[in-house]
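Chemist: Here is a sequence with its predicted model. Questions after.
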Amino acid sequence: MRGLIGAVWLLALALGASEAAAQDKKEPPKFDAKKLVGKWEPVDSKIPVTIEFTDKGKLILSVEFGGKSDKVEGDYKLSDDKLDLVLRAEGKEQKETLTLSKLTDEELVAKDSRGKEETLKRQKPKK
């Protein structure tokens, strides 16, 4: 009887340990890349900025400043919760990886490599 109780106790202990290990090794959340497609704007920006993600993995960053408009083009790739960006301007490339914490039909929340978190809202189509 003691052996049976010991075996049950060891089994419970082993299952608890494996469950804890599984929780420690949680996979990153996977976001639907289709929800990313569209035009987005930062919630807290004082400068009019629009980021457009196309369904072909391209992005266009548009900035208006001092009555002038400027565009920077690039590529993006979404894998699980990582959004890899490559922007090209004036013959130079700039790469950045963002970590997404939220992506819905209306809101995108991401943190850059320096730890700065940014919230974007989907731009509503103009009528």
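Modeler: It's in. Predicted model, so just to flag it, every value in this text is computed and none were measured.

Chemist: contacting residues for the closest residue to residue 40 other than its chain neighbours?
Modeler: Among residues not flanking residue 40 along the chain, residue 120 sits closest, at 4.1 Å (C-beta to C-beta, 6 or more residues apart in numbering). Glycine gets a C-beta too; all of them are placed from N, C-alpha and C. Residues near residue 120 by C-beta atoms under 8 Å, 6 or more residues apart in numbering: 40-43, 51, 107-110.

Chemist: partners of the helix or strand hosting residue 120 in the sheet?
Modeler: Using DSSP states H and E, residue 120 sits in strand 117-122. If you go by DSSP bridges, strand 117-122 pairs up with strand 38-42 (antiparallel), strand 107-111 (antiparallel).

Chemist: Distance from the chain centre to that strand, please.
Modeler: Centroid separation for strand 117-122 versus its chain: 10 Å, with C-alpha atoms, centre = their mean, to the nearest Å.

Chemist: What residues of that strand count as buried?
Modeler: Within strand 117-122, the residues that count as buried by 16 or more other C-beta atoms under 10 Å are 120, 122.

Chemist: average pLDDT for that strand?
Modeler: Strand 117-122 shows a mean pLDDT of 96 in the predicted model.

Chemist: helices and strands of this protein: which one has the lowest mean pLDDT?
Modeler: Lowest on mean pLDDT, DSSP states H and E among the helices and strands of the chain sits helix 2-24, with a mean of 43.

Chemist: Beyond that helix, next helix or strand please.
Modeler: helix 33-36.

Chemist: Quick one: the contacts of residue 120 as TSV, columns for pLDDT, neighbour count and distance to residue 77 too.
Modeler: What follows is the contacts of residue 120, written out as TSV (pLDDT from 0 to 100; neighbours: other C-beta atoms under 10 Å; distance: C-beta to C-beta, whole Å):
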residue	pLDDT	neighbour count	distance to residue 77
40	97	20	17
41	95	15	22
42	94	16	21
43	94	12	24
51	95	22	15
107	97	14	21
108	96	25	15
109	97	16	19
110	96	21	14
